[in-house]
Structure formats: C-alpha cells, structure tokens
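K.L.:
The amino acid sequence is not available; the structure is as follows:
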Ligand code: ADP
Ligand code: ASP
Ligand code: MG
C-alpha cells in the first residue's frame, strides 16, 4: 500500500461542485489501494478577500492578526471537503495546522515549518480514514496561528509528504503540469514531462508561481517525489526529479520565468571609493529587504552610479533607508522605477556559451531595452520595462525553440 499526499489549490476548491469533484478524486485514489492525506487551499479568491477586509480597516494590520484572519480560508475548505467525502460513505477527518500539529517559527505571514507531529495522522490512516489537513498554516511554540507565505499550501503538502515518508506528493492545480513558461502569457508554451529540482527551484524563485519556492526546496532536501497535475483532466502531469534521474538531452533552456514584482533603485553620483557597495546595501539587507540584480557603472570624476532591484513592495522603505545614509546635502540622487524581470532557466546552459547572446539578440530584435542583467550557472535574468514583459517572454520562447519538443 502506498502513501500519497495530494494537494488541491484554490481554483480546484473554488465552488461546491469542485469540492465534490476533489472528494471523488481522493476516494478514487484510496480505492486504488493507497493511504491518502489531502492538503487544501482556501477557495479561490478567499485569501485575497480576507486581506482586503483587513486593509479596509487598517493600512498596516499586525502580522499576527493577519495570520488569525487568513488561516480561516483553509479551515472552511477542510471542513467542506470532509463533509463531501463523508457524504459518499467514506470516513474522513479534517485538521487545522494547529491540530496536527504543524510546528513553525513565529515569523508571522512567512513562517517556516520546524516539525510535524504525525501521530494523529498515522492513527487515522490506520483506521481507514482520508486525512485532510489545512494548507498554508501552522502554530508556533506559544500556540499562535502562523501562515507560510502566499502559495504556502504547496509547502504544507511537501512537508507532510516528507514527515510521513510518502511515496509521492501530488500537487493538483488548474494547469496540467509545469510548462516551458506560464501558458497564460504564451499560449505556445509546452508541458514538460520532467523538470529537475534545481531548474524548478530557479523557475519558482524567479516568479513561476505554479509551485511555492519553499515547497521545491523541501522536496529537494528530503527527496520527496513531486508531481504537478490537473484537478480537471487525467494525465501524468510533470515530475520534478533529481538531475541524475533526468539526463539533460538537447534542450539548453528548459523554461522562462518572469515577475512583475520588481523595482529598480538608482543611486546616482555616489563617491567612487572602496566600501561604497557595502555602505549602500548593508542597511537594506539589515532591514530584511531582498536585493536581487545589481550593477555598478565605471566611475567618472570620482563619482559612480549604482543600481539594484528590490521587491516592489519594499521600494519606498529602501529609498527611506538610503536617504538616511545619503541625505540630500551629499548630492547623491536617489530615484527608481517599476520594472519586470524575465529569466531563462536551464541546466543545459552550463555547457553552452552562446545562450546569453541568443537572449540579447532576441530582445534587441523586438526593440526591448535591457536595464539590468544578472546571471547564475543555470539562469540569466534581465530587468526590462514592464510594458514589454509579454513580448519578451514570447520572443525568447521562440528564439530558444521552446514550443518544439
Ligand atoms: P493553485 O491555486 O492550484 O495553487 P496557482 O495559481 O498558485 O494555483 O498556480 C497555478 C498557475 O501558475 C497556473 O494557472 C499558471 O498561470 C501559473 N504558472 C506560472 N508559470 C507556470 C509554468 N511555468 N507552468 C505552469 N503554470 C505556470
Ligand atoms: N490560500 C493561500 C494563498 O492564497 C495559500 C495557498 O493557496 O497556497 O496564498
Ligand atoms: Mg499556488
């Protein structure tokens, strides 16, 4: 008998009919001879609705209360799914994160899982029950409700699979697998049968929200076989596998990720002297703001320009911090703009030197100006004007022949 963890996302749980469909799928998987643990998200739109309610009351609601609020969405889902399964004569039991208990640190709204108590779950599975666990939530050592960051139900599912040594973790969503890029932006995107953990990690961290990045980290670390599938159609989906199980064939680039959530900060006319990068970036890092792409121009006349990117929501705080280091009387000009980031990802890139020039040529042909570039062994990212985002994704998809198998 295999143990399978299934996770159903917001769209899959989006209405009573869809919840009944999920119930049927869980029961079918159990009838096929498996133990089943199910993790579910809030019904689609519910988490956004709850956040908006809080913001109608307060501009900066406290993270602790946000977690008490946001976790209710998943609690509704687990109860409705348990009711739908029981209606079909199959025993089921639902648990909130606190009831399981999924122990996290106390970083409200972005908590990390520290451990999972699997005793209740094992007992219920042994009794033939389908066990339903609320995604996205846990409890800290003081009993406070915590949440795991947007998209966090993926991480709940993988963490449960790791803790209970499941044979597979199946992420059911509204697409039938991981594609070469978001199929909503490039209709010619092609479904991948397999992708390596390393590539999926880059794709997720660079903006492909099909899996939350922490879920991929967890799956790689604990070697949980992970599969992305459709809730609405049958199919094999996409298997996220180790590189050695997934020998790289001819593909140089596996996929294209993108993010609209970026802002560029320009620090102009800083003194061209040792330690300046540290002086600019250290206080930003100390405020827990993630600096991503960085460029520094060659200094002229003892002055230099320094540019970097931060998440859009952190732009105002970043400028405030920089102004403390460089008050107006220093002559340093600080400005910035929203940008989009487009990245090509592929382990095959390691052995192909011409990838960057193919990328830059494709963007040049469309007249797209690159503001900032960053690279790693298996990715190249560029910062561009947001209005060119879709055009850039499609041009790169074409240039690297990603629509062809
Ligand atoms: P869920 O509610 O099931 O967690 P999400 O909306 O979080 O679903 O993730 C699924 C969505 O991810 C898809 O609808 C798709 O638009 C988007 N997506 C982004 N990049 C990709 C990709 N490379 N492959 C597949 N889907 C992607
Ligand atoms: N409901 C949460 C969110 O919308 C968690 C999830 O769906 O994974 O972010
Ligand atoms: Mg999701």
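P.N.:
Okay, I see it. Quick caveat, the model's predicted, so the values are computed rather than measured. Ligands and ions are numbered 1, 2, ... in the order given.
K.L.:
what's the distance between the most centrally placed residue in the chain and residue 83?
P.N.:
The centroid of the chain falls nearest to residue 212 when counting by Cα atoms, centre = their mean (2.9 Å). Applying Cβ to Cβ, to the nearest Å, one obtains 27 Å for the distance of residue 212 from residue 83. C-betas here are computed from N, CA, C, even on glycine.
K.L.:
Now do the same contact list for the residue nearest to the centre of the chain.
P.N.:
148-155, 204 (Cβ atoms under 8 Å, 6 or more residues apart in numbering).
K.L.:
What residue, apart from its backbone neighbours, is nearest it spatially?
P.N.:
Sequence neighbours aside, residue 151 is the residue nearest to residue 212 in space, at 3.8 Å (criterion: Cβ to Cβ, 6 or more residues apart in numbering).
K.L.:
re the thing from before, for ChimeraX, write a command that selects the buried ones of the contacts of residue 212.
P.N.:
In ChimeraX, this line selects whichever of the contacts of residue 212 come out buried by 16 or more other Cβ atoms under 10 Å:
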select :148,151,152,153,154,155,204
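K.L.:
if you look at the contacts of residue 212, which of them are in helices?
P.N.:
Cross-referencing the contacts of residue 212 with the helices (criterion: DSSP state H) gives 153-155, 204 as the overlap.
K.L.:
and the stretch 51-200 of the chain, which residues reach ligand 2?
P.N.:
Taking Cβ under 6 Å from any ligand atom, the part of the stretch 51-200 of the chain that reaches ligand 2 is made up of 73, 135-136, 150-154.
K.L.:
mind listing what's buried in stretch 14-23?
P.N.:
Buried residues in stretch 14-23, defined by neighbour count with 16+ other Cβ under 10 Å: 14, 18-23.
K.L.:
Helices of the chain, start to end?
P.N.:
Using DSSP H, helices in the chain cover 16-31, 46-57, 63-87, 97-100, 119-126, 153-163, 197-205, 213-221, 276-286, 315-325, 355-365, 389-399.
K.L.:
what sits against the residue of the stretch 101-250 of the chain found nearest ligand 3?
P.N.:
Each residue of the stretch 101-250 of the chain has a distance to ligand 3, by Cβ to the ion, and the smallest belongs to residue 151, at 4.1 Å. The contact partners of residue 151, by Cβ under 8 Å, 6+ apart, come to 209, 211-212.
K.L.:
Distance to residue 221 and pLDDT added to the residues you listed, as JSON lines?
P.N.:
Shown next, in JSON lines, are these (distance: Cβ to Cβ, whole Å; pLDDT from 0 to 100):
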{"residue": "209", "distance to residue 221": "21", "pLDDT": "92"}
{"residue": "211", "distance to residue 221": "14", "pLDDT": "97"}
{"residue": "212", "distance to residue 221": "14", "pLDDT": "97"}
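K.L.:
With respect to residue 106, which of those is nearest?
P.N.:
Each of the contacts of residue 151 was checked against residue 106 using Cβ to Cβ; the closest is residue 212, at 19.7 Å.
K.L.:
just to revisit the earlier point, reformat the buried residues of stretch 14-23 as a markdown table; add distance to residue 398 and pLDDT.
P.N.:
As requested, the buried residues of stretch 14-23 are arranged in a markdown table below (distance: Cβ to Cβ, whole Å; pLDDT from 0 to 100):
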| residue | distance to residue 398 | pLDDT |
| --- | --- | --- |
| 14 | 33 | 98 |
| 18 | 35 | 98 |
| 19 | 40 | 98 |
| 20 | 41 | 98 |
| 21 | 36 | 97 |
| 22 | 37 | 98 |
| 23 | 42 | 98 |
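K.L.:
Kindly reformat these as CSV containing distance to residue 315.
P.N.:
Formatted as CSV, these follow (distance: Cβ to Cβ, whole Å):
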residue, distance to residue 315
14, 33
18, 37
19, 39
20, 44
21, 41
22, 39
23, 44
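K.L.:
partners of the closest residue to residue 260 other than its chain neighbours in the sheet?
P.N.:
Sequence neighbours aside, residue 340 is the residue nearest to residue 260 in space, at 5.2 Å (criterion: Cβ to Cβ, 6+ apart). Assessed by DSSP bridges, residue 340 has beta-bridge partners residue 384.
K.L.:
Contacts only, for residue 340.
P.N.:
258-260, 262, 383-386, 388-389, 392.
K.L.:
Check residue 297 and give its pLDDT.
P.N.:
Turning to residue 297, the model gives it a pLDDT of 83.
K.L.:
Tell me which residue in this protein sits closest to ligand 1.
P.N.:
For the chain, the nearest residue to ligand 1 under the criterion Cβ to the nearest ligand atom is residue 9, separated by 1.8 Å.
K.L.:
Export the buried residues of stretch 14-23 as CSV, with columns for distance to ligand 3.
P.N.:
Putting the buried residues of stretch 14-23 into CSV (distance: Cβ to the ion, whole Å) gives the following:
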residue, distance to ligand 3
14, 13
18, 15
19, 17
20, 21
21, 18
22, 15
23, 20
